[in-house]
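Visitor: need the 3D shape of this:
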Amino acid sequence: MTEPNVRAMILAAGFGTRLGPITQRRPKPMLPVCGAPLVRWAVGWLVYHGVRDIAINLHHLGEQIEAELGDGSALGARIRYSPEHGMILGTGGGLRRARPLIDGGDGAPIVVVNGKILVDLDLTEVLAAHRRHGGEATMVLRPDPEGRWGRPLRIDADGRLVELVGETGPRVREPVSGPLMFTGVHVVEPRFLDRIPPEGEQCVVRTAYRQAVAQGQAFGVVSERYWWEHSTPERYREGVFNVLDGRVDLPYAEQQLRGVHPQAEVDPSAIIRDPVWIGAGARVGAGARVGPHVQLGARAVVEPGVSLRRSVVWDGVRVGRDAQDEVLVEDALRG
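Guide: So this is what the prediction gives:
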């Protein structure tokens, strides 16, 4: 469990442009993974670790997020929203705008998590490391030896961030780590938010973190536990398949993570190849073949004879043609 009074911010205001037409239907944090959207998984993760006061910023189709979560009481949380009308404010601007919701004036730290990720990170350990470091901010980092995620970050033997987007810290204790990437999870002190410029769209890394690194006030914790971001159709599918394969520990799940829901209807002649997740009210027709690696949403329909492999099907979608390696967000019928 975390210390008392810790608050959290879920960043959920992005456009999700790399997902293409998928996010014309839903914002990225509303992408469903085995029965729950990513933002609901984020709330569940926070509550599981004892963090119940949560703010969420909203922009593109943000009303869907508010309709999904409400005031948070059904999940054991107290959720408030920070709408961003007009210009999107970015990660820094979003935190600045939401500060009245996450800074209780008692000096308690703030957990910040990106709404597009799924993790099994031990938040209690991260908060403990943040306290030990005594700095203004602690990033959760992952090894990135091939530099796949942009310009690398590095920490020294004390965990202090010594390299970030070209900024080098003033004190370096050898050895310095290999290249690292930022996971989108971090813990900040309320005073860290003072470093965000007072107006306009801002990136918290390129503003507040650059200053904090230069002054030796930013630290990192390296974790190799499960982390996945879902910014493209391919990564979204793979993220779902990771859950189906049991690659992530999700003790805060509200329902089963694989298998066929008792309220789904599967024709006796249909073939189901695990791993699959088939939701309540879904129907699989005669002679259909579903799996492996299929998420079939609630009330979705696979018509007779259709083959469905390595695909994600959203709630209520009717699949009337063979599909493989797809994300189906609307009816897919034979031409």
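Visitor: quick check: beta-bridge partners of the one residue sitting closest to the centre of the chain?
Guide: Closest residue to the average C-alpha location of the chain: residue 117 at 2.0 Å, with Cα atoms, centre = their mean. With DSSP bridges as the criterion, residue 117 is bridged to residue 229.
Visitor: ok, residue 308 next?
Guide: Assessed by DSSP bridges, residue 308 has beta-bridge partners residue 290, residue 323.
Visitor: wouldn't it be in contact with residue 288 here?
Guide: Yes: if you go by Cβ atoms under 8 Å, residue 308 and residue 288 touch, sitting 7.2 Å apart. For every residue, glycine as well, the C-beta is placed using N, CA and C.
Visitor: the more surrounded of the two?
Guide: residue 308 (26 against 23; other Cβ atoms under 10 Å).
Visitor: which parts of the stretch 101-250 of the chain are strands?
Guide: 110-114, 117-119, 137-143, 154-155, 161-164, 167-168, 180-188, 218-222, 227-229 (DSSP state E, counting those that start in this stretch).
Visitor: now do the longest one: which elements does it pack against?
Guide: Looking back up the chat, that one is strand 180-188. strand 110-114, strand 117-119, helix 123-133, strand 137-143 (3 or more Cβ pairs under 8 Å, 6 or more residues apart in numbering; DSSP states H and E).
Visitor: can you list the domain ranges for this protein.
Guide: 7-244, 259-328 (automatic domain parsing).
Visitor: out of those, flag the one nearest residue 253.
Guide: Residue 253 sits nearest to domain 7-244 of all the domains of the chain, at 7.5 Å, using Cβ to Cβ.
Visitor: what mean pLDDT does the closest one get?
Guide: Here domain 7-244 scores 91 as its mean pLDDT.
Visitor: how far does that domain sit from its chain's centre?
Guide: 8 Å (Cα atoms, centre = their mean, to the nearest Å).
Visitor: how near is residue 239 to residue 229?
Guide: 8 Å (Cβ to Cβ, to the nearest Å).
Visitor: the two: which is more packed in?
Guide: residue 239 (23 against 18).
Visitor: give me the phi and psi angles of the closest residue to residue 52 other than its chain neighbours.
Guide: Distances taken as Cβ to Cβ, 6 or more residues apart in numbering put residue 77 closest to residue 52, at 5.0 Å, once the chain neighbours are dropped. Backbone torsions for residue 77, taken as degrees, to the nearest 10, come to phi -120, psi 170.
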